[in-house]
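> Below is the sequence, then the predicted model.
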Amino acid sequence: MRPSKIYYEPDTLNYQLGRELKEKYGDIAWVPIESHNNIEELRTKENSEFAGMKTLLIIGTRKTHKYSENHKVSDYLVPFTSSGCTAMCLYCYLVCNYNKCSYLRIFVNREQMMDRLIRYSEKSDRELTFEIGSNSDLVLENTITGNMPWIVENFLRSKKGKITFPTKFNMIDSLLPINHKGRVIFRMSVNPQYIIQNIEVGTASLVKRIEAINKMAEADYTVGILIAPVILLDNWKELYTGLLDLLQEQLSEKVKKQMFLEIIFMTYSFVHRKINNEAFPEAIELYDKDLMKGRGMGKYCYRSDLRTEGEAWLLQEIDKRFGKEKILYFS
């Protein structure tokens, strides 16, 4: 990514990473702001300008550091070094309010966040796993900040604990030579190529994602695969059969032996529909009133009977290829 414009909190230049970014992108317009959370110039943008918003980069310091309990791959969700993304997945759960959450925000106070993470890990009486990528895609962020090697190497200053992050990107080469000591869980999100191309706009192809999974396993990282989100298009069984067949064919034996699977069905919202209809009028319509039901304020999920059918079908198809014990959970 090369930003079209950078908005920054002036005190970010007091941090090492802030100064590095200023030097790296010195030829791009830098616009001072009071807060990365409230940029008035951007809050008045129309939904139709969404794609243009994705070319912006916002640089600030993270003020919120509250950990949230999680009971899936990790024990805690950790607010970390970035929020938002440059990709334009039509269902993205980070798009809660497009003119605040959609664009990529980099937080330069990484030392503060890392020190807190290490203290939290070491004070626990048990081994904890921390999800550090729930607010952004850290592999994508790494192409801008170079943070990932720094994060892994500095987390290893702690005596225990693990970190994990998911991605839809394949730029993982800087992670391969690191001595991670088996304390990093790498998770790749996958979907049929048709969905990647038409719905997960701006992300890596399925073939490149599979190549990245194999590389990370060869570098002795623990690897997991998210089939996420499962989207029930008209021909969804055909699409996901193709996905599972390709995974069976192209994943290395090392991956197949140790991988786990997370399966997450799509949740959609009124906000998504509004943005997509105005910013991407030719895009696939993900909302289907016949398939979906309300789920909280302005949100939609698939009807319970369809979810049950989808889970049963995926369980059967995964069991035939990899064994159902590979499935960590459905969500």
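Perfect, I can see it now.
> Would you point out the helix or strand in the chain whose mean pLDDT is lowest?
helix 98-101 (a mean of 58; mean pLDDT, DSSP states H and E).
> did I read that right, Arg105 in a strand?
Yes: counting by DSSP: H, G, I helix; E, B strand; the rest coil, Arg105 is part of a strand.
> In contact with it, which residues?
36, 58-60, 82-84, 136 (CB atoms under 8 Å, 6 or more residues apart in numbering). Every C-beta, even on glycine, is put in place using the N, C-alpha and C of the backbone.
> let's see 10 Å
Counting by CB atoms under 10 Å, 6 or more residues apart in numbering, Arg105 makes contact with 7, 36-37, 56-60, 62, 81-85, 135-136, 141.
> now do Ile199
Contacts of Ile199 (CB under 10 Å, 6+ apart): 88-91, 191-192, 229, 231, 233, 266, 276, 280, 283-284, 286.
> could you flag which of those are buried?
Buried members of these, counted by 16 or more other CB atoms under 10 Å: 88-91, 191-192, 229, 231, 233, 266, 276, 280, 286.
> What is the nearest of those to Ser102?
Met88 (8.5 Å; CB to CB).
> so how far is Pro192 from that closest one?
18 Å (CB to CB, to the nearest Å).
> From the contacts of Arg105, keep the buried residues only.
7, 36, 56-60, 62, 81-85, 135-136, 141.
> Beta-bridge partners for Thr167, please?
Assessed by DSSP bridges, Thr167 has beta-bridge partners Met188.
> so what pLDDT did it get?
Note on Thr167: pLDDT of 98.
> buried ones in stretch 290-306?
Neighbour counts over stretch 290-306 (16+ other CB under 10 Å) mark 292, 299-302, 306 as buried.
> same question, stretch 165-176
Quick answer for stretch 165-176 (16+ other CB under 10 Å): 165-170, 172, 175.
> picking that back up, the buried ones among the contacts of Arg105 in helices, which ones?
Glu141 (DSSP state H).
> Restricted to strands, list the buried ones among the contacts of Arg105.
7, 56-60, 82-83 (DSSP state E).
> Farthest pair within the buried residues of stretch 165-176?
Maximum distance among the buried residues of stretch 165-176 (CB to CB): 15.5 Å, for Lys168 and Leu175.
> where in the stretch 51-200 of the chain is pLDDT low?
Within the stretch 51-200 of the chain, the stretches with pLDDT under 70 are 96-101.
> quick one, what contacts the spatially most central residue of the chain?
Geometric centre of the chain, nearest residue: Asp137, 4.0 Å, by CA atoms, centre = their mean. Asp137 makes contact with 82, 84-87, 94, 104, 143, 165-169, 189, 203, according to CB under 10 Å, 6+ apart.
> Any figure for the gap between it and Asn170?
Applying CB to CB to Asp137 and Asn170 gives a distance of 11 Å.
> Overlap in contacts, the two.
Contacts common to Asp137 and Asn170, judged by CB under 10 Å, 6+ apart, are Thr203.
> Could you confirm Ile118 falls within a strand?
No: under three-state DSSP, Ile118 falls outside any strand and is assigned helix.
> For burial, what's the neighbour tally of the closest residue to it other than its chain neighbours?
Nearest non-adjacent residue to Ile118, counting by CB to CB, 6 or more residues apart in numbering: Ser158, 4.3 Å away. The number of residues packed near Ser158 is 18, by other CB atoms under 10 Å.
> circling back: save the buried residues of stretch 165-176 as JSON lines, and put in distance to Ser74 too.
Output for the buried residues of stretch 165-176, formatted as JSON lines (distance: CB to CB, whole Å):
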{"residue": "Phe165", "distance to Ser74": "10"}
{"residue": "Pro166", "distance to Ser74": "11"}
{"residue": "Thr167", "distance to Ser74": "15"}
{"residue": "Lys168", "distance to Ser74": "18"}
{"residue": "Phe169", "distance to Ser74": "20"}
{"residue": "Asn170", "distance to Ser74": "22"}
{"residue": "Ile172", "distance to Ser74": "20"}
{"residue": "Leu175", "distance to Ser74": "18"}
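> Sounds good, over and out.
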